[in-house]
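1. Model the structure of this input:
(2 chains)
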Amino acid sequence: MASNNSTHTAKINQLNGPKADFFARRQKIEQHRKALPIAAVQKRLLEEVSNNDILIIVGETGSGKTTQLPQYLFNGGFCRNGGIIGITQPRRVAAVTVAKRVSEECGVTLGQKVGYAIRFEDVTSSSTRIKYMTDGLLLREALLDPCLSKYSVIIVDEAHERTVQTDVLLGLLKTVQKTRSSGASDMVHSDHAKADNGLLLEKEEDVQCTSTLKHSRGKKLSPLKLIIMSASLDAQIFSEFFGGAKAVHVQGRQYPVDILYTHQPETDYLDAALITIFQIHLEEGPGDILVFLTGQEEIESIERLVQERLPKLPESKRKLSIIPIFASLPSEKQMKVFMPPPVGFRKVILATNIAETSVTIPGIKYVIDPGMVKVRTYDPSTGIEPLIIVKTSKAQALQRSGRAGREGPGKCYRLYPENEFYKLKDSTTPEIKRCNLSNVILQLKALGIDDIVGFDFIEEPDSFDLKSATDRSAHSISMVKDDKFLCYMKLMMAIIKSMELLFLLGALTDASKLSDPVGRQMAKLPLDPIYSKALIVADQFNCLEEMLIVVAMLSVESIFYAPVKSWKRYYCSLLFYIFMCSLSRTALRSFSSSEGDHLTLLNTYRASDEFLEKSKLVSSQEKAEKNLRKWCKENFINSRSLKHARDIHSQIRKNVEQMGLRVTSCGDDMLPLRRCLAASFFLNAALKQPDGTYRALSSGLTVQIHPSSVLFRTKPECIIFDELVRTNQNYVRNVSRIDYLWLTELAPQCYALQE
DNA sequence: GAGCACTGC
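-> From the prediction side, this is the model:
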């Protein structure tokens, strides 16, 4: 043994260059793995997974759960018989980066034993056994394979974030697990297998499961192991949801963070944030500052105010480098947060929620948290989803302060008094309670779950009422109950409203079953239901080629960008700003169509496509794409959005071809396309009123055409629109001109002809 | 004549 070792060492010593590096690196990785807090409980975790079909793991930040547990399970034999360990993540970047890290730790090529799958990218192969993916993607897989038969273990990571996809997935997995451990083999003989959830495996899906079973020569599907991982304290919610499932706790590795509160509530949190930035800069030791703000506007105003005040400081104290970061910022500007500041400078990062979970910024020692956040809400009665600024939850405040303790002890300045913290909600309202549910319902229906109201949505535990009962008066108990009742009614209303929409689109039958083929086809498309409908209708109007482009362009964030209003920041003159504005308008005009924004988007896509194809003739793919980015810049087009639209276009084109729809073009005649828009967006129609405003026909709201629309000045009599946004007024965006009579002809279920 | 947090298929 000893001699073996020494010869081995001698060999390494003789190695030079890359190979020695390789061994040094492997050794470093092994050391790192062994030092992770989760390594100490490896054996116990494996035992718990063996003994429990469902396990909740509460792992604090830095415990190593996401990278290590799948490897432990693989080595522990949980992939025997070719089963796959699937790990879901709420975000694409997380799935990719973690998979890369784990493949490196395993010393294998990414896409072999360890791989990942996200929309537009599948880096897996037949030999993949540890598969990282987004939770939305696993939901899509469930549509094709309702038993998720290729997985032996499914790990739902970051479950505490409670995204819509995670919530639906948890409800579904609960049922899949029951089906697989109990009646999997019986299903071959019966037409339907009904589980507790109301999950009805209809014949079509049954065939899927059956064929899988037959394929494995009558072998019964092995039970599914389910692991729910959460970073927050409310493991109880998950445990109760899974019938009292066992929860284990894994320690994290986080440096201590000092929490500081204000003595008095602040009347102006922006001003307070500004003062705190300078206070830290002047009085505290080295370390970067992260400030959480609610949006671009706040970020830009704080940036300006800091720049204005800096010159008033003594020269030696002026070394502050201000870096904004928010999602719509071009990626090259986002990258600035990762770059070291000039020597002697302190970085002040002004961020939205993007820095809470999505982006981890190194070097942060101080966090400033005003305690506010901008969230999207949903009003079922109007269908509007306004963004409002609200207080954060306790969990969110903890997550934010944790950002100061990643690399060493830190400080967090909460800009409100300590007693206010205890008044905050424990956790953020799950997204599913504040969003439009039509897509979720469509997916559940397609999975064979017909009883939407009875579906096992994960909910707050009832212990909340019990706790209140002990320390509150009878009066307040009934208040709490009323509140819960209201919550329930709100959910019911949202469900009914969404089902009504699906019914009017023809996706549901009178008996509120998924219609065939329209409903089934709509569920297969990764799009908003209205967009899916538009593609299906376009087949009949012979304009599917055009509609694919329109839908892809509508599916992405703002394609056109206007020059930034805060021209002062760039030290350029007002004249130059006006010049830029007129340039961007000229650029838009060259694509614009008098029929509306939909055709303008079509023209823009085609112009870009033409440019790219021409460019490809004379240069390499890479060069051509670079040229396209330049072309985008010249035409005031957001190249990231355009790239996204191109990806979506090629994906949905494949989808509709597989579904057997005919991708035909209406050529230069845009009439069929406009009629087709009317036939699918009929619920978003509006008529001009005498005063020049519009009345949205389905909600009765008074709306105006958004100034960014090409029809802003034209004001046609009758329009359809893509979305209704509420800011200072009700605005409709992405608008097209239609003929009112088309509505009565193409959507008689909504618009009966008036005698 | 306007400004939109963050994700995902």
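2. Give me the phi and psi for A:Lys174.
-> phi -60, psi -40 (degrees, to the nearest 10).
3. State the number of residues packed around it.
-> 21 (other CB atoms under 10 Å). For glycine as for every other residue, the C-beta is placed from the backbone atoms N, C-alpha and C.
4. Give me the nearest residue to it, chain neighbours excluded.
-> Spatial nearest neighbour of A:Lys174, excluding adjacent residues (CB to CB, 6 or more residues apart in numbering): A:Asp456 at 6.1 Å.
5. Please look at the one you found and A:Leu172 and confirm they touch.
-> No. Here A:Asp456 does not reach A:Leu172: they are 9.0 Å apart, not a contact under CB atoms under 8 Å.
6. ok, those two, which is more surrounded?
-> A:Leu172 (23 against 17).
7. what is the rounded mean pLDDT of the helix or strand hosting the more buried one?
-> Taking DSSP states H and E as the definition, A:Leu172 sits inside helix A:164-178. Across helix A:164-178, pLDDT averages out at 90.
8. Against which helices or strands is that helix packed?
-> Judged by 3 or more CB pairs under 8 Å, 6 or more residues apart in numbering; DSSP states H and E, helix A:164-178 is in contact with helix A:135-144, strand A:151-156, strand A:225-230, helix A:235-241, helix A:438-446.
9. Can I get the ones you listed in JSON lines including mean pLDDT, distance to A:Asn734 and mean neighbour count?
-> Listed next are those as JSON lines, based on pLDDT from 0 to 100; distance: least, CB to CB, whole Å; neighbours: other CB atoms under 10 Å:
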{"stretch": "helix A:135-144", "mean pLDDT": "92", "distance to A:Asn734": "24", "mean neighbour count": "19"}
{"stretch": "strand A:151-156", "mean pLDDT": "95", "distance to A:Asn734": "35", "mean neighbour count": "23"}
{"stretch": "strand A:225-230", "mean pLDDT": "94", "distance to A:Asn734": "38", "mean neighbour count": "24"}
{"stretch": "helix A:235-241", "mean pLDDT": "87", "distance to A:Asn734": "39", "mean neighbour count": "20"}
{"stretch": "helix A:438-446", "mean pLDDT": "91", "distance to A:Asn734": "19", "mean neighbour count": "23"}
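10. Compare these and report which one is nearest to A:Arg640.
-> Proximity to A:Arg640, assessed across the helices and strands packed on helix A:164-178 by CB to CB, is greatest for helix A:135-144 (20.0 Å).
11. helices or strands next to the closest one in the packing?
-> Helix A:135-144 packs on strand A:84-89, helix A:164-178, helix A:438-446, going by 3+ CB pairs under 8 Å, 6+ apart.
12. swap the cut-off to 7 Å and go again
-> Helices and strands touching helix A:135-144, as assessed by 3 or more CB pairs under 7 Å, 6 or more residues apart in numbering; DSSP states H and E, comprise strand A:84-89, helix A:164-178.
13. Just send those back as JSON lines, with distance to A:Ile289 too.
-> Shown next, in JSON lines, are those (distance: least, CB to CB, whole Å):
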{"stretch": "strand A:84-89", "distance to A:Ile289": "29"}
{"stretch": "helix A:164-178", "distance to A:Ile289": "32"}
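14. which one of these is the most hemmed in?
-> Counting by mean count of other CB atoms under 10 Å, strand A:84-89 has the highest mean neighbour count of the helices and strands packed on helix A:135-144, with a mean of 24.
15. quick one: the helix or strand that it is followed by to strand A:84-89, angle?
-> The helix or strand immediately downstream of strand A:84-89 is helix A:92-106, counting by DSSP H and E. Using axes from the mean of the first three to the mean of the last three CA atoms, to 10 degrees, the inter-axis angle of helix A:92-106 relative to strand A:84-89 is 140 degrees.
16. what does helix A:92-106 rub up against?
-> Contacting residues not belonging to helix A:92-106 are listed as A:29, A:33, A:66-67, A:70-71, A:89, A:109-110, A:113-116, A:118, A:130, A:132-134 [CB atoms under 7 Å, 6 or more residues apart in numbering].
17. which parts of the stretch 601-750 of chain A sit against DNA strand B?
-> A:706-708, A:712, A:725, A:727-729, A:731, A:733 (CB under 7 Å from any atom of the strand).
18. among those residues, which are in strands?
-> The strands, defined by DSSP state E, take in A:725, A:731, A:733 from these.
19. these two touch, right, the last one and A:Ile720?
-> Pointing back at A:Arg733 there. No. Judged on CB atoms under 7 Å, A:Arg733 makes no contact with A:Ile720 at a distance of 11.8 Å.
20. Compare the two (neighbour count), which wins?
-> A count of neighbours by other CB under 10 Å puts A:Ile720 above the other of A:Arg733 and A:Ile720, at 26 against 17.
21. From start to finish, how long is stretch A:707-717 in a straight line?
-> End-to-end span of stretch A:707-717 (CA to CA, to the nearest Å): 17 Å.
22. ok, A:Thr509 touching A:Asp516?
-> No. Judged on CB under 7 Å, A:Thr509 makes no contact with A:Asp516 at a distance of 8.7 Å.
23. Among those two, which residue is more densely surrounded?
-> Between A:Thr509 and A:Asp516, counted using other CB under 10 Å, A:Thr509 has the larger neighbour count: 13 against 10.
24. Enumerate every residue touching that one.
-> Applying CB under 7 Å, 6+ apart to A:Thr509 gives the contacts A:Ser515.
25. One more: the one 3 residues further on?
-> For A:Ser512, the residues meeting the contact criterion (CB under 7 Å, 6+ apart) are A:Met499.
26. which SS state does it fall under?
-> coil (DSSP: H, G, I helix; E, B strand; the rest coil).
27. For DNA strand B, see how far away it is.
-> 22 Å (CB to the nearest atom of the strand, to the nearest Å).
28. next one: phi and psi at that residue?
-> Note on A:Ser512: its backbone torsions stand at phi 50, psi 40 [degrees, to the nearest 10].
29. Can you tell me how far it is from A:Val453?
-> 11 Å (CB to CB, to the nearest Å).
30. For stretch A:500-517, list every residue counted as buried.
-> Neighbour-count burial for stretch A:500-517 flags A:501-505, A:507-508, A:514-515 (criterion: 16 or more other CB atoms under 10 Å).
31. Take the helices and strands packed on helix A:164-178 and write them to TSV, including distance to A:Arg25.
-> TSV is the format used below for the helices and strands packed on helix A:164-178 (distance: least, CB to CB, whole Å):
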stretch	distance to A:Arg25
helix A:135-144	31
strand A:151-156	27
strand A:225-230	28
helix A:235-241	36
helix A:438-446	43
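32. Looking at those, spot the one closest to A:Phe22.
-> Closest approach to A:Phe22 among the helices and strands packed on helix A:164-178 (CB to CB): strand A:151-156, 29.8 Å.
33. what does the closest one rub up against?
-> A:69-70, A:73, A:78-79, A:83-88, A:135, A:148, A:166, A:169-170, A:173, A:222, A:224-229.
34. and the angle for that strand with strand A:225-230?
-> Using the same axes, to 10 degrees: strand A:151-156 against strand A:225-230 is 10 degrees.
35. Partner strands of strand A:151-156 and their direction?
-> Taking DSSP bridges as the criterion, strand A:151-156 forms sheet pairs with strand A:84-89 (parallel), strand A:225-230 (parallel).
36. closest one to DNA strand B among those strands?
-> Closest to DNA strand B of these, according to CB to the nearest atom of the strand: strand A:84-89, at 8.0 Å.
37. Do any residues in the closest one lie close to DNA strand B?
-> No. With CB under 7 Å from any atom of the strand as the criterion, DNA strand B is not reached by strand A:84-89; the gap is at least 8.0 Å.
38. gap between that strand and the chain center?
-> In terms of CA atoms, centre = their mean, to the nearest Å, the centre of strand A:84-89 is set 17 Å apart from its chain centre.
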